[in-house]
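**Student:** Turn this into a model:
(one chain, ligands or ions: 1)
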Amino acid sequence: MEKQGKRSNRLVLVPGSFQGHLNPMLQLGTILYSQGFSITVAHTKFNSPNPSNHPDFNFLTISYAAYDSDLSSGNILALILRLNVNCKAPFQECLARLTEKQNSDEEKISCIIYDELMYFSEAVATEMKLPSIILCTGGTTAFVSRDTTVPRAEGNNFLQGLGSKDIVPGFYPLRLKDLPFSKFGSLETMTQVVKELRNTRKSSAIIYNTIDFLEQSSLARTLQQCHLPLFSIGPLHKFAPALSSILFDEDISCMRWLDEQTNDNTIIYVSLGSITQIDENELAEMAWGLANSNQPFLWVVRPGSVRGSEWIESLPEGFEEAIGQRGCIVKWAPQKKVLAHAKVGGFWSHCGWNSTMESISEGVPIICRPNSGDQRVNGRYISNVWRVGLEMENELNRREVERAVRRLMVDKEGLEIRQNAKELKEKIQLCVREDGSSYNSLNELVKFIKSL
Ligand code: UDX
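**Tutor:** Numbering: from 1, shown residues only. Sure thing, here's the model as predicted:
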């Protein structure tokens, strides 16, 4: 796909300011750069990407001063609302300056591609008469089902049955308890965010980091609701060369530890992504469950992810002796490489969309322990639609953890799930090859952007 020579048009990319959102946007930028576009990344000051990792891109800082309280409160939804109010004017100023400098085709802005959470970009694009495209970094099912969490008309309110196992009408196999309600803010704030996201549909198209066959009915439903061209071009990381981690330092020593393990498909990799937090009791139950499972494990415990602890100082006494060399704990792992490692045979995941796509692309079956928002939808699809994982739904305690790990890694049930995961990986590989659905959709997207 590499295209050298003169760059044609400039694309301004506005990534969401979180690890799980930055990665896919930068991957998209890498792909579109290889197709001949110039790339400018407009990002917030906090959680900003490192320009030296992307020497081919230009970077613009949208100088909105996020307050420390915004960042540390854990109220991500409130942060999103405030960010959208505060970033609009500085982003418009950035673009105005960029437009003034336009003196060649190369510098002409042809389109703004923004993460759907950064919807201030659409308002700016409209005011500046520029086309815009939305990038949804999450799955399409989460996108459409999210809309049902805020009723359009009085009386049609799923909140009444919140938490129940009843199926959401029209969304089988999603249950009311799987709907993407976020823990990162109050219900009122979430309602406000969903309404804002629903209102921003003046863009020219939507890009999804998904694959047609994975979410066919949700894509069809989105098309019906939005009346916009949709491009499902996932998994993005399979088209873009490996990017180093953006916000955290990877500990690559765990790759050596994996190399040293004896048998293929035996390691359970445990990671809860870049935002999820647990408490000290959950850490202890996870630890004893992993120890008692007798399976080797690689466990990412992000600094600050255990409430009240810096890192793993609250691990229970006797745990390290119990596991000996059978476990490896790191602060942050090169996840894509870990999942591609032959020794890794299972992933205990919070089911963030990136982790989901990365795991199924490598044929690694998943223990689903969703925490918030879209993760519940993803977990349900992993276990009940694609059948490449199992849900750990009960209260988190050592017995549940031990049982889930052994079900996946040792029991006959796990063999079947592993076989499904292998077959899903093969189907995904076909989609990113020449003439595959994602490959073709990507080519269509490039043509579409050029036609704007
Ligand atoms: C957030 C939301 O929580 C998630 O629900 C949504 O789908 C995307 O945005 P996050 O929780 O960080 O994302 O999860 P995920 O989407 O899985 O993204 C995590 C990223 O960090 C992945 O690309 C993963 O490869 C990377 N990662 C994680 C590492 O590189 N190393 C690690 O040790 C852990």
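**Student:** which secondary structure elements does the longest helix seen in the chain contact?
**Tutor:** Longest helix in the chain by number of residues (criterion: DSSP state H): helix 76-100. Under the contact definition 3 or more CB pairs under 8 Å, 6 or more residues apart in numbering; DSSP states H and E, helix 76-100 sits against strand 10-14, strand 38-44, strand 58-62, helix 68-72, strand 109-115, helix 120-127, helix 187-199. The C-beta positions use only the backbone N, C-alpha and C, and glycine is treated the same way.
**Student:** Can you list the strands that the fifth one pairs with?
**Tutor:** Applying DSSP bridges to the sheet, strand 109-115 is found paired with strand 10-14 (parallel), strand 132-136 (parallel).
**Student:** rewinding a little: among the helices and strands packed on helix 76-100, which is nearest the ligand?
**Tutor:** Nearest of the helices and strands packed on helix 76-100 to the ligand, taken as CB to the nearest ligand atom: strand 109-115 at 10.0 Å.
**Student:** How far off centre is the closest one?
**Tutor:** The chain centre lies 20 Å from the centre of strand 109-115; the measure is CA atoms, centre = their mean, to the nearest Å.
**Student:** Contacts for it next, please.
**Tutor:** Residues outside strand 109-115 that contact it (CB atoms under 8 Å, 6 or more residues apart in numbering) are 8-16, 21, 25, 28, 37, 40, 95, 98-99, 102, 121-122, 124-125, 130-135, 137, 204, 207, 449-450, 452.
**Student:** go with 7 Å
**Tutor:** 9-16, 21, 25, 98-99, 121-122, 125, 130-135, 137, 449, 452 (CB atoms under 7 Å, 6 or more residues apart in numbering).
**Student:** Narrow the residues you listed to those that are buried.
**Tutor:** By neighbour count, with 16 or more other CB atoms under 10 Å, the contacts of strand 109-115 hold 9-16, 21, 25, 98, 121-122, 125, 130-135, 137, 449 as buried.
**Student:** From the contacts of strand 109-115, list the ones also adjacent to the ligand.
**Tutor:** Residues of these in contact with the ligand (CB under 6 Å from any ligand atom): 21, 137.
**Student:** Where does the prediction get shaky in the protein?
**Tutor:** Applying pLDDT under 70 to the chain flags residues 1-6, 8, 65-72, 103-106, 152-161, 200, 244-245.
**Student:** If we use 50, what do you get?
**Tutor:** 1-3 (pLDDT under 50).
**Student:** Could you pull out the strands in it for me?
**Tutor:** 10-14, 38-44, 58-62, 109-115, 132-136, 205-208, 230-232, 267-271, 297-300, 327-330, 344-349, 366-368, 389-391 (DSSP state E).
**Student:** any chance of the ones you listed in a markdown table, with distance to T148 too?
**Tutor:** A markdown table is the format used below for the strands of the chain (distance: least, CB to CB, whole Å):
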| stretch | distance to T148 |
| --- | --- |
| strand 10-14 | 27 |
| strand 38-44 | 30 |
| strand 58-62 | 32 |
| strand 109-115 | 22 |
| strand 132-136 | 17 |
| strand 205-208 | 18 |
| strand 230-232 | 19 |
| strand 267-271 | 29 |
| strand 297-300 | 33 |
| strand 327-330 | 38 |
| strand 344-349 | 25 |
| strand 366-368 | 21 |
| strand 389-391 | 21 |
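**Student:** I'd like to know which of these is closest to E444.
**Tutor:** Taking CB to CB, strand 230-232 is the member of the strands of the chain nearest to E444, at 6.4 Å.
**Student:** Relative to that closest one, what are the paired strands and their orientations?
**Tutor:** strand 205-208 (parallel).
**Student:** can you pull the contacts of I133?
**Tutor:** Neighbour list for I133: 111, 113, 203-205, 207 [criterion: CB under 7 Å, 6+ apart].
**Student:** Quickly name whichever of those residues is closest to E188.
**Tutor:** Closest to E188, out of all of those and judged by CB to CB, is S203, at 26.5 Å.
**Student:** Excluding chain neighbours, what is closest to the closest one?
**Tutor:** Counting by CB to CB, 6 or more residues apart in numbering, the nearest residue to S203 once its immediate chain neighbours are dropped is S132, at 4.6 Å.
**Student:** do V410 as well
**Tutor:** Using CB to CB, 6+ apart, the closest residue to V410 is Q295 (7.3 Å).
**Student:** need the contact list for that neighbour.
**Tutor:** With contact taken as CB under 7 Å, 6+ apart, Q295 is in contact with 266, 268, 405, 409.
**Student:** Go ahead and name everything in contact with stretch 215-228.
**Tutor:** 139-141, 143-144, 201, 203, 205-206, 212, 230, 232.
**Student:** Tell me the one of those residues nearest the ligand?
**Tutor:** G139 (7.5 Å).
**Student:** And for the closest one, the neighbour number?
**Tutor:** Neighbour count for G139, taken as other CB atoms under 10 Å: 25.
**Student:** That one and T210 touch, don't they?
**Tutor:** Yes: G139 lies in contact with T210 (CB atoms under 7 Å); the separation is 5.6 Å.
**Student:** Pull the most distant pair out of the contacts of Q295.
**Tutor:** T266 and V405, at 11.3 Å, using CB to CB across the contacts of Q295.
**Student:** Looking at those two, which has the bigger crowd around it?
**Tutor:** Higher neighbour count among T266 and V405: V405, with 24 against 17, using other CB under 10 Å.
**Student:** From the ligand, how far off is the more buried one?
**Tutor:** Using CB to the nearest ligand atom, to the nearest Å, V405 is found at 19 Å from the ligand.
**Student:** Tell me who's in contact with that residue.
**Tutor:** Each residue near V405 by CB under 7 Å, 6+ apart is listed here: 268, 289-290, 293, 295, 367.
**Student:** separation between the closest residue to S48 other than its chain neighbours and D115?
**Tutor:** Among residues not flanking S48 along the chain, T61 sits closest, at 6.8 Å (CB to CB, 6+ apart). Using CB to CB, to the nearest Å, we find T61 at a distance of 16 Å from D115.
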